[in-house]
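Participant: Sequence first, then the predicted structure, then my questions.
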Amino acid sequence: MKIYKLIIGLFVAATLFVACDDALDLEPRGNLQLATFDSLDDYQGLWAKLYAGLILGGQQGGDGNADIDGIDGGFSNYSRLYWKLQELSTDEAIIAWTDETIRDLHWQTWTPANQFTGAMYARISYQITICNSFIRESTPAALDANGIPQADRAAILAFRNEARFLRAYSYYHGMDLFGSFPFTTEATAADGSELPSFRTRAELFSFIEAELLAVENELPAPAATEYGRAGQGAVWMTLAKLYLNAEVYTGTPRYDDVITFTNKVINGGYSVNTSLPYRNSFLADNDSNGAQSEFIWTANYDGARTQTFGGTTFLSHAPVGGDMNAADYGLDSGWGGIRTTPQFVELFPGEENSLDGRENFFTAGQTKSIANVGRFKDGFAVIKFQNLTSTNNPGVNLTFVSTDFPVYRLADAYLMYAEATIRGGAGGSTGDAIGYINTLRTRAYGNTSGNITAGQLNLDFILDERARELHWEGHRRQDLVRFNQFTSNGVWEWKGNVQSGTTTPAFRNLYPVPTTQLRLNSNLIQNPGY
Amino acid sequence: MNQKFKFALWLLVLPLFALAQTITGVVIDTGTSQPLLGVSVIVKGTSNGTATDFDGKYTVNNVPAGAIITYSYLGYLPQDVLYNGQSPINVKLTQNPSDLDTIVLIGYGSTTKENVTAAQTTVNEEEFNRGAVVSPGQLIAGKAAGVQVIGASGRPGDGPQIRVRAGSTLSGNQDALYVVDGIPLDQQNANLNTINPAEIESITILKDASATAIYGNRASNGVILITTKKGKMNSALRIGYDLQLAISRPQKYLDVLSGDEFRALINAGGSIDDIALLGTANTDWQREIYETGVRAMHNITVEKGYEKTAIRANVAYTNENGTLLTSGYERASFNGSVVQRVGNDLKLTLNVQGAMEEIRNADGGAVGSAIDFDPTQSVFDSNNGVNGFFEYRQSNGNVDALAPRNPLGLLRSLRNETDNNQIRTNLQAEYKIPSVDGLVFNGTAGLDYNEFDNFSARNPNSGVAANTNALRSNSNGTRLNQLLNGRFDYKKDLESLDTKMELTVGSSYQGFRRESVNVGQDNGTGAFNEPIVNFNENRLISAFGRATFDIKDLLVLSASVSRDGTSRFSPENRWGTFGGASAALKLTNTDFVQNSGFLSQLKLRTGWGVTGQQDIGQDFLYLQLVTPGENQAAVQIGNQFFNTLRPELTTDLRWEQTTEYTVGLDYGLFDDVLTGSIDVYTRETKDLLQFGPLPAGSLGNFALQNVGSTQSRGIEVGLNAKIANTENFKWNVGANVTFNDIKITDLSLGAGDAPIQQTPVSGGGFNNFIQEWAVGSDPSTFWVFRQVYDLAGNPLDGVFVDVNGDNVINDEDRVRYKQSNPDAFFGFTSGMTYKNFDLNFTLRGAVGGYNYNNNSAGRDNFAQVAENPGNWLNNATASILETGFTSNLNTLSSSHYIQKADFLRLDNLSLGYTFQGDKRTVRTSVTGTNLLTITNYDGLDPEVVNGIDSNLFPRATSVVLGLTVQF
């Protein structure tokens, strides 16, 4: 009889035991961990994620375990989306793919429901939010609470200043593409319970400017900035961009400030090596083949350790198709997507036979004009980003490209200086501007035969020269808007969804606020025209 | 003079001349000769009595001669015996032929059918669907109102989906809770396939909330109680062998263009380049990748009962070659039970179910590729192919990575196997506590353990391998489900109130742990990536109680309460109290029914219940978490690579809570020739858990949230008729129909109840939704552009209604249109025996629902055919010949593809013959499953889960030969 009582006793005891609340407190393991933030290593991981947010789609190689949902991980990559919105909508690039509304970008027929503008909005917002998280977790009080030793705090403070820069940098993207953008700071709850407020474009401009100026002197000088890390150079360049486009953003020109900040960059120790070919800047060894002396800030990719379908992997594979041999570019395959329009081809004297070394068209089997958007062979292909080294060896991985993406390079600063000077920026020297431009052209031509004279320097030249020098580097839409050539002026093939091209309404200088976001957050206001 | 008075007289008089005696005896079942446990033995008119023990034995003291002893037992006809000094008194009780006294399971207990107060249906072995049943769900397809069994795909090893009063949960787990011999299965992995269907004795479906509330924390979507077969005490050795041989083939192929049709299409509308791509072959790719599937199932059962022990063991083996080439399924399973009596009061039951599955996974990509692949190309290309298979190449000769892959090349180059070993065991103890009459303790300890291992290896010499070095991957893991529960049941007759009382109180603990490790190769280098470890754990704790009163054998009142905790929610939100109450009025026991002349039974039921749902698949959402980045997702700063840490969104979720009211009626007419039930329910779910978009400014753009409320209503009607019931000819038919509607009553996701788009579809990119939630509409409502048609009824290419009249067609012109939820679904079953022949069939169907035909929407336009980033063409669905669409602009979201999905399906038709011998019984049968589907739906199959038809894998039609030998 005792054994029965024992059995019952065990059952009763066990069920009573487990019925206490503690049994319900469980902790994760493996690919999810409790956030502790109690060591420099933790902060280093969080800080690395702020850069990864711009470079990678998620936490696994090839954009697995993506940061944002509702879109393929590779498509969701920040740099890939940003590139599409700044380039596919212009004369520099057109894509053959049919992925839902991707063609609307070049046609300039996008709606507030466009998948790519929606994903960009989500990406920028996500990037700002993880920056906010870092800033919130790295206050002195938070570091005290987490028991971080004093010895580690200097490193974390440096991360924090970078986080403030990176947040301002993404706000600048949001402001440039969408005008207004939901406004959050480290004080905003990150769980969606607190609806972000609405800030106008001018208000965002002031916030970004103030943040950049606040961290300028806290970040390392160019010589002390590690490769791939944001230092003073990145701050100066972002400020210069902000001021160069200030008239678009706020209605008030700030060209004097452009001169100030491009001068800081130009005197920052960066150099353009005119003895190296232009192509070196976009090769798999561009971190070491000499071209890197020009780089102010790069997004670093690596076939072994930084694997994504965005960034330079996308920029190398997507333009390869037709009769092109993928292996010639260090790749396993081409994706047969991106080409360019005849209008861009015509910016080079002699077009596909130009002496300008920046002309890099692949024309065999291709037609200059684009009869069929979906046909890769319609339109010249562009060879720029490649997975080959300067000695023509492929990168370590034929799928994931090892080429670093120059976010900011000296050539851009030269051209901004020249433009601001022409536009009347105080302190600018025309002579210096011509010198800078001729440095670029000497590299492009391999000699001084392409150099220009003072008489040739004007705003039209600057816009065209920016396209020649900086094409496919994510600047074109912004430049065209500033020159008022993006919508109601300026025509290229398939703009407006007709082959010959047509102008479009000026409201398309801004992308729309996504429909879903308008429904979720009543503080937001749609841009006019949409 | 009434009876009571007579007995009173006897009592007064008898002791005067008769000495009271002690009597003993054994009570057994007339049919089985099994001893009966717990038979009430009472000296009539007194409180003197006892109950039989496990051996059916009893002893009653102080019985005067001439006393009448009443033997009564649930489900049996009571018997009175006059005592004249004889001893022992051995009694045989006969089962009550009326099914009212049938024992049926309820949550944590059992009762008689008569006393059931809630909407529930029990399907017994005799009523199960027959044929090549691989998964238990198939046994009950079409059998019960309110229970939707959506047929399995043609993929070997796939089971059907079961929905009980669908629609309560929209985003969490919609599966019912399966309880196998008292063990609730892990809802994240309710792999019913590891239960051998031949070993199931009965399946009970608890539909309404008053019945399920005792399982409060996971009862919102119904509870399905599965009882497996056990051995019987004191029974002779029985050996059975069962063999089924099945052949199957896809019921239908998707209607795509043939080679000649495709050539005509391209020659008429394609560019010179397009025409140049055409081949000369006529390949029907779908027919190339499917074959006739073959399946063999063997079952051997041994059963024997001893005095205190009963044993049953079943060994089964299934081997199947699927209809898709290279796919297959193999299962060996063991099901054993031992029932052991210890002393008079303790019964121990041990159940062990083990299964070893080996699933040979075919490359599923071949199914889609067979639809898309140019039918003018031939399968093989000995000159320029890859491993002999035709593949598209880029101009430079490289295999084009973006082109569709040769479907046969895909199938033949992959070896992918999953091994799954499962052991499920539980020990149940039932202990009659001797000191308290009517008090029984019931304890269950259970373990459900499962190990799986999948590996995949690709032939490097194949089209798909041409551009990758990631040819191998492995994932393996374990799942562990531990259960401990105990309860006390107490029964007492409150004679003064003429009421039978039953009380149950207990508690339950269940813990689930799942761990898996995935290892893949680097796409470029072929190096193995670091393993990804996934870990999940959650626990449920519950304390529950129920009280039932059967008053004057007329009114049954029952109430239950359950206090539940889940580890998935924060300490503030993790506890919930659920409960229900119900009543049944047994009008059968009134003169009104007894004298009516046509009514043979009538019962009114009503119930109310509140249940909860927390099965959201994610276990730690309320905690602040980080996800470490992999080595391949590091960032380079300077010369160093840094691995990342991603902060995760923290969400504080609450229980999704469903409140339901049911009114029902059970009836029998003409001596139960017609029986059935009618139920009406209304239900409200609030704090719906849904994966929805987040406003910008959050850590992520989608998350699980408590987003709103729905209200649903339904009517369920069931009818069974014994059309013929003679010795040689018996014919029973059953019919049931379920009407259901659901609408959203509150939506807190967007600002001010703003509609929110749902359900991303394939072919779309970011946020390409096809359904929209709005207050007042069904949550499965589609959200589309309204297609414009010409006078002849043909859709106009690219013409849609400009709803807001702004001369632009954009998302502002999309409207809510139709819904996927059917208005009604129904089942019809027939079972007939004539002498030794038996014939059974089951029909199922649904009306009023629509499918979004994603397969056609993405394929029947010329842009999809010809506009490719390389040198190939895609085939189109045959509907392109009707639509003639040239552009794919907005067609993916056109109302043209919202198509009526009404259907009637002959699920099962079975003919058998039984040879009845002295020593052995042999039954042979032939069964057809999924024989015929009547529908106007254009797609592959009208029966689609959630109404988004992107399924390409056709369901199979099978013919099964069966042989059963019983020794």
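Facilitator: Happy to help now that I have it.

Participant: ok, B:V788 - contacts?
Facilitator: B:P795, B:L796, B:V799, B:F800, B:V801 (Cβ atoms under 8 Å, 6 or more residues apart in numbering or on different chains). Quick note: C-beta positions are derived from backbone N, CA and C, even for glycine.

Participant: So among those residues, which ones count as buried?
Facilitator: For the contacts of B:V788, a burial check counting by 16 or more other Cβ atoms under 10 Å in any protein chain shown picks out B:P795, B:V799, B:F800.

Participant: Can you tell me which of those residues is nearest A:R409?
Facilitator: Of all the buried ones among the contacts of B:V788, B:F800 has the smallest distance to A:R409: 46.4 Å, by Cβ to Cβ.

Participant: wait, the closest one sits on B:I809?
Facilitator: Yes. Between B:F800 and B:I809 there is a contact under Cβ atoms under 8 Å: 5.1 Å.

Participant: Return every residue with contacts to both of the two.
Facilitator: Counting by Cβ under 8 Å, 6+ apart, the residues touching both B:F800 and B:I809 are B:F785, B:N890.

Participant: CSV for the buried ones among the contacts of B:V788, including distance to B:G137 and secondary structure?
Facilitator: Below are the buried ones among the contacts of B:V788 laid out as CSV (distance: Cβ to Cβ, whole Å; DSSP: H, G, I helix; E, B strand; the rest coil):
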residue, distance to B:G137, secondary structure
B:P795, 38, strand
B:V799, 44, strand
B:F800, 41, strand
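
Participant: pLDDT and distance to B:I551 for the residues you listed - can I get that in a markdown table?
Facilitator: Output for the buried ones among the contacts of B:V788, formatted as a markdown table (pLDDT from 0 to 100; distance: Cβ to Cβ, whole Å):
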| residue | pLDDT | distance to B:I551 |
| --- | --- | --- |
| B:P795 | 91 | 65 |
| B:V799 | 90 | 69 |
| B:F800 | 92 | 64 |
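
Participant: Could you single out the nearest of these to chain A?
Facilitator: B:F800 (13.2 Å; Cβ to the nearest Cβ).

Participant: Check the spacing between A:W47 and B:T650 real quick.
Facilitator: Look at A:W47 and B:T650: by Cβ to Cβ, to the nearest Å, they are 20 Å apart.

Participant: Compare neighbour counts for those two and give me the winner.
Facilitator: Neighbours were counted for A:W47 and for B:T650 using other Cβ atoms under 10 Å in any protein chain shown; A:W47 has more, 27 against 18.

Participant: For the more buried one, which three-state class applies?
Facilitator: The three-state label given to A:W47 by DSSP: H, G, I helix; E, B strand; the rest coil is helix.

Participant: just checking, it touches A:E162?
Facilitator: Yes. Counting by Cβ under 8 Å, A:W47 does reach A:E162; the two are 6.9 Å apart.

Participant: so the closest residue in space to B:V116 that isn't next to it in sequence bridges to which residues?
Facilitator: Closest residue to B:V116 apart from its sequence neighbours, by Cβ to Cβ, 6 or more residues apart in numbering or on different chains: B:V104 at 6.1 Å. With DSSP bridges as the criterion, B:V104 is bridged to B:T111.

Participant: could you pull out the strands for the stretch 201-350 of chain B?
Facilitator: Along the stretch 201-350 of chain B, the segments classed as strands by DSSP state E, counting those that start in this stretch run B:223-228, B:238-250, B:293-305, B:309-321, B:328-342, B:346-360.

Participant: Of those strands, flag the one that's most buried.
Facilitator: Greatest average neighbour count among the strands of the stretch 201-350 of chain B goes to strand B:223-228 (a mean of 23), per mean count of other Cβ atoms under 10 Å in any protein chain shown.

Participant: Against which helices or strands is that strand packed?
Facilitator: With contacts taken as 3 or more Cβ pairs under 8 Å, 6 or more residues apart in numbering or on different chains; DSSP states H and E, strand B:223-228 sits against strand B:161-164, strand B:177-180, strand B:200-206.
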